[in-house]
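Engineer: Have a look at this prediction, sequence included:
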2 protein chains.
Amino acid sequence: MAVVDRRKQVIEAAEKSFALFGYKATTMDHVAKIANVAKGTIYTFFTNKEELFDEILRSVILEMKRISEQEVREDRPFFENLYHSMDSLLEYRAEHELLIKLFQEVRDFATPQAREGLEKIEHAILDYLEKQVERAAQLGEINGLDPKVVSFVILKLYIALTSDWNKIHDPLSKEQIKEFTRRFLSGGLSPA
Amino acid sequence: MAVVDRRKQVIEAAEKSFALFGYKATTMDHVAKIANVAKGTIYTFFTNKEELFDEILRSVILEMKRISEQEVREDRPFFENLYHSMDSLLEYRAEHELLIKLFQEVRDFATPQAREGLEKIEHAILDYLEKQVERAAQLGEINGLDPKVVSFVILKLYIALTSDWNKIHDPLSKEQIKEFTRRFLSGGLSPA
DNA sequence: GAAATGACTAAAATTCAATTTCGGTCATTT
DNA sequence: AAATGACCGAAATTGAATTTTAGTCATTTC
């Protein structure tokens, strides 16, 4: 198109700035500058800073959904799909600049908007996980425990192994995590 | 005894004050006042405020150990013992004034000493849990997954169900938690 | 005349010096 | 020898002055 797409410019600038400086330290003036746009222009597309942030989050969530769906094959067993989904999801979570920055911000400054943002992402993951769990339950691949609780516990399990664990021990390798979750989720603690 | 036990007076005063005001808001002057003792006297027993706090923590940990051991019968199955231990432990954690105050303090002020205190307690629980898990593994009651990881995951599972869950949903009843953990730990997600 | 601008405002955040609080000491008292 | 509490310096708190920033809107641009 002949005229520049200012909305896109704003979004791209905001993506960069939020990922680089986090929510609090991103100023609307700065976003406008990077976007090569006057500040007022931002407000013709987004009612305020939080809305702009929301837009970025929405696209992150969409991207995460796309990534994890890539790993799912309808004909593969639930555990296989689950492992690949969680693995790529948590890798994304651990490597995406914006998410890293938001984690830091929550830890160091407790910025409410950053916390809420991460909660939204976690919620989206849970929603998606729940659907997979429900499907597996219907196919009789897993037992009938409440899918809401099951998906919640699965997510917490993965976070425990990939991140909480590292606060007191050396990180587990991907192979160790895969092996542990496979055995733990498929048979619990019962002897083989 | 004829002479008053000043050490005991100090400890009791500190227990009260830490439980009532948390770490940061407890002043040595105030502890001295409650204990009916001059401030200098405290320093003949404890080198500094952190040491005094540590003394209180140590007795809390001892009390938790006592409580959870009360629930363990060598002749009962591992899962039974585990459930009763965790249940009483987490109930204690949720009801003990000092621990409640420390959780608040970590949440609201991020006081390092309060955080470290809670970490010490969690570590003590993990140590104890690990021993139970090792014993059960030796008896062939559970499989041979790494006891360190298993106990870590068990603790995280209980915390997920008894406290994390409540941040987004109505609390689960004790019965629901018991039933879920029993089925989940003994058989994973596999169909019955 | 619709879209874009950027100077402007009110509110929020930051700074910093003055003041207060508090952990820890130690000369004196019991 | 044990206990005390006035005292000290460091750290935390306060609040007034200053700066920053989200959001507005009269003006300009195309």
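Structural biologist: Everything's here; your move. Note that the coordinates shown come from a computational prediction; the quantities given were computed from them, not determined experimentally. Numbers count the residues shown, from 1 in each chain, chains lettered A, B, ... in the order given.

Engineer: And the longest helix belonging to chain A, what's buried?
Structural biologist: Taking DSSP state H as the criterion, chain A has its longest helix at helix A:112-138. Of the residues in helix A:112-138, A:113-118, A:121, A:124-126, A:128-130, A:132-133, A:135-137 count as buried by neighbour count, 16 or more other C-beta atoms under 10 Å in any protein chain shown. To be clear about C-beta, it is placed using only N, CA and C from the backbone, and glycine gets the same treatment.

Engineer: what do you get for stretch A:50-68?
Structural biologist: Buried, per 16+ other C-beta under 10 Å, within stretch A:50-68: A:52-57, A:60-61, A:64, A:68.

Engineer: can you tell me if that stretch touches DNA strand C.
Structural biologist: No: on the criterion C-beta under 7 Å from any atom of the strand, stretch A:50-68 is out of touch with DNA strand C, staying 13.1 Å away.

Engineer: packing partners for the helix or strand of chain A with the lowest mean pLDDT?
Structural biologist: Ranking every helix and strand in chain A by mean pLDDT, DSSP states H and E puts helix A:78-95 at the bottom, with a mean of 89. Judged by 3 or more C-beta pairs under 8 Å, 6 or more residues apart in numbering or on different chains; DSSP states H and E, the packing partners of helix A:78-95 are helix A:49-70, helix A:97-109, helix A:112-138, helix A:147-162, helix A:174-187.

Engineer: swap the cut-off to 6 Å and go again
Structural biologist: Contacts defined by 3 or more C-beta pairs under 6 Å, 6 or more residues apart in numbering or on different chains; DSSP states H and E place helix A:78-95 against helix A:49-70, helix A:147-162.

Engineer: who's in contact with residue A:26?
Structural biologist: A:17-18 (C-beta atoms under 6 Å, 6 or more residues apart in numbering or on different chains).

Engineer: And the one 5 residues further on, by the same measure?
Structural biologist: Contacts here follow C-beta under 6 Å, 6+ apart; on that basis residue A:31 touches A:13-14, A:17.

Engineer: As a markdown table, the residues you listed with pLDDT and secondary structure would be great.
Structural biologist: Output for the contacts of residue A:31, formatted as a markdown table (pLDDT from 0 to 100; DSSP: H, G, I helix; E, B strand; the rest coil):
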| residue | pLDDT | secondary structure |
| --- | --- | --- |
| A:13 | 96 | helix |
| A:14 | 96 | helix |
| A:17 | 96 | helix |
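
Engineer: Those residues also near DNA strand D: which ones?
Structural biologist: Near DNA strand D, judged by C-beta under 7 Å from any atom of the strand, there are no entries from the contacts of residue A:31.

Engineer: Can you tell me which of those residues are classed as buried?
Structural biologist: Buried among these by 16+ other C-beta under 10 Å: A:13-14, A:17.

Engineer: Just give me the closest of the residues you listed to chain B.
Structural biologist: residue A:17 (26.4 Å; C-beta to the nearest C-beta).

Engineer: Please consider this matter closed, and thank you.
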